[in-house]
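Undergrad: make a model of this:
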Amino acid sequence: MQKYMDEAPRDFLTVATPGAGKTTFALTVAGELLARRIIDRIVIVAPTDHLKTQWAEAASRMGIGIDPAYSAGQGKTSKDFQGIAVTYAGVAVNPLALRIRVERFKTLVILDEVHHAGDALSWGESVREAFDPATRRLCLTGTPFRSDINPIPFVRYEHGAEGAPQSVADYTYGYAEALADHVVRPVLFMAYSGEMSWRTSAGDEVAARLGEPMTKDMMQHALRTALDPQGSWMPAVLQAADTRLSEVRKNVPDAGGLVIATDQESARAYAKLLKQITGKLPTIVLSDEKAASKKIAQFSDGDDRWMVAVRMVSEGVDVPRLAVGVWATTTSTPLFFAQAVGRFVRARKRGETASVFLPSVTNLLTLANELEVQRDHVLKRKVRSEDDIFGAENDLLAAANREDKASGELERGAFEALGSTASFDRVLFDGGEFGHAGEVQVGSDEEMDFIGIPGLLEADQVRDLLRSRQSSRATQQKKQMAQKATEAKKATEDAAKLSTHEQLSVLRRELNGLVAAWYHRTGQPHGVTHAALRKQCGGPAAAVATAEQLHARINAIRDWALKKSS
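TA: Down below sits the predicted model:
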């Protein structure tokens, strides 16, 4: 605020992490400029109708009247209003009408989530045409920006390290800074893996473990299989998330949960699953419902446990009591991830934590680990001529068509989800990863070590507790491994008293049991493990190996297990 008032710039870009208070900052600036008579009117541009209303309500609390029902070409508004709120799409409908309005008064234009002005060339041109005469322009966005071909109006660009122009913020306030200032909550990302199986359009049945390396197409199919409400993964993760919510509500009684769904059909199915778990149907918010904004407001003001939503929570929607989230959407762009996670991080009082449950998908885990990373808006190439402009629009249209086509093929049955299981994988927090070696069953004590963390802790307390629980569990696992080794040694000694064929039979059973345990721990097929043991220890297949060779393989796989635990 002080920087803005001291510099008195015509254009000012603020990049602040979701939940950091961009709305409060902008309205404080507006109030100060009105009081000093630097401006007479305010125009707020937001991405959605819901956010227009939210801005108007926030402005009203600060004594500023904003008309969220204004439409292009309407002309005058009530004298009770100092300004209007419109959407980017609304600006594109009639930019000239807004330009005339801005020219008539000394106007502050607040461009909320200004990156939307770069979503389409026509939107950017409309924003520039409408607000070029404005006295002041305050641009706001959460992180991160993305690569694009359309420059964002009123944003300054400089050539970056790779030569491409990139945005330059006048003020940046990242997640790490906001966390240190206790402006946002610490976020724990609860990652879940599991076995997925599906049938391709060619009729082939495919099985894979979520979180293991696989092709892009396989990863997409594995993720969709996990999110299938008919499988076992989603019910298990929703149950775990509800357990986590119960733990949080012990300290924060009105804490709420949000499931972010891909589409309306999935949203309704997840709501039914939550009803089975909690006994109450959650609030369902669909983006094309007229009552969507009202439902969100009612949920925000109440104390119900769960809300399931489609697309209505990606930007700016303010429900401060949200503390637990479930990522149940196939969308995974950095921008959507940052905005969606921003729904959970808004701090009300010190010590509140946020938890987001998500699939163990590489790009999601990377985004979770890099939550504090700042990203600028990078221009892939400059648009220089009319041919370039139309070419750029055609490129965007073609890309969108390809994406829609691919999505449509999946919807029409390019694959069929056959089944899924869920297992706890790890917790990601503050750039670190915490968890147990090997597979952890949902509902186990090992899982509760992490989802049972108290809901009212400072960031450093969360970090210390995670390290402590991981260390404690590792020590316990070592003791269990040592006990098993002792028992196995005794069994081997007892086997020595048996006849030769009985001894060989006991050793083969022991080896096969260890190989099976290794599979559950690592996902490595039995045959691959047997082949690796033969390569390391020598000798023929287990069925014709000697007792000495079997002993060597048993000792080798025990060593593998001990090394993995340490």
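
Undergrad: measure the most far-flung residue of the chain relative to its centre to V506 for me?
TA: Distance from the C-alpha centroid of the chain, by Cα atoms, centre = their mean, peaks at S499 (59.8 Å). Using Cβ to Cβ, to the nearest Å, one gets 11 Å for the distance from S499 to V506. Every residue, glycine included, has its C-beta placed from N, CA and C.

Undergrad: need the nearest residue in space to the spatially most central residue of the chain, chain neighbours excluded.
TA: What sits nearest the mean C-alpha location of the chain, by Cα atoms, centre = their mean, is F337, with 4.2 Å. If the residues on either side of it in the chain are set aside, F337 comes closest to L367, at 4.5 Å by Cβ to Cβ, 6 or more residues apart in numbering.

Undergrad: and that neighbour, how far from S355?
TA: L367 sits at a distance of 16 Å from S355 (criterion: Cβ to Cβ).

Undergrad: and those two? which has more neighbours close in?
TA: Under the criterion of other Cβ atoms under 10 Å, the comparison of L367 against S355 puts S355 first, with 29 against 22.

Undergrad: in the sheet, which residues pair with the more buried one? Tell me.
TA: L188, V324 (DSSP bridges).

Undergrad: per-residue pLDDT, it?
TA: pLDDT recorded at S355 is 95.

Undergrad: ditto for H501
TA: On pLDDT, H501 comes in at 77.

Undergrad: so what secondary structure elements neighbour the strand or helix carrying it?
TA: Here H501, judged by DSSP states H and E, is contained in helix 500-522. If contacts are counted by 3 or more Cβ pairs under 8 Å, 6 or more residues apart in numbering; DSSP states H and E, helix 500-522 sits against helix 459-496, helix 526-537, helix 547-565.

Undergrad: comparing the ones you listed, which yields the minimum mean pLDDT?
TA: Sorting those by mean pLDDT places helix 459-496 lowest, at a mean of 69.

Undergrad: what's the domain layout of this structure?
TA: For the chain, the domain assignment from automatic domain parsing gives the residue ranges 2-173, 184-378+408-457, 473-565.

Undergrad: of all those domains, which one is nearest D464?
TA: Nearest to D464 among the domains of the chain is domain 184-378+408-457; the distance by Cβ to Cβ comes to 9.2 Å.

Undergrad: mind checking the end-to-end distance for the closest one?
TA: Length of domain 184-378+408-457, first residue to last, Cα to Cα, to the nearest Å: 13 Å.

Undergrad: likewise stretch 33-52?
TA: OK, stretch 33-52 end separation, Cα to Cα: 21 Å.

Undergrad: quick revisit: tabulate the domains of the chain (TSV), appending distance to R467.
TA: What follows is those, written out as TSV (distance: least, Cβ to Cβ, whole Å):
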stretch	distance to R467
domain 2-173	25
domain 184-378+408-457	7
domain 473-565	11
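
Undergrad: which one of these lies nearest to L466?
TA: Closest of these to L466 is domain 184-378+408-457, at 4.4 Å (criterion: Cβ to Cβ).

Undergrad: distance from the closest one to the middle of the chain?
TA: 8 Å (Cα atoms, centre = their mean, to the nearest Å).
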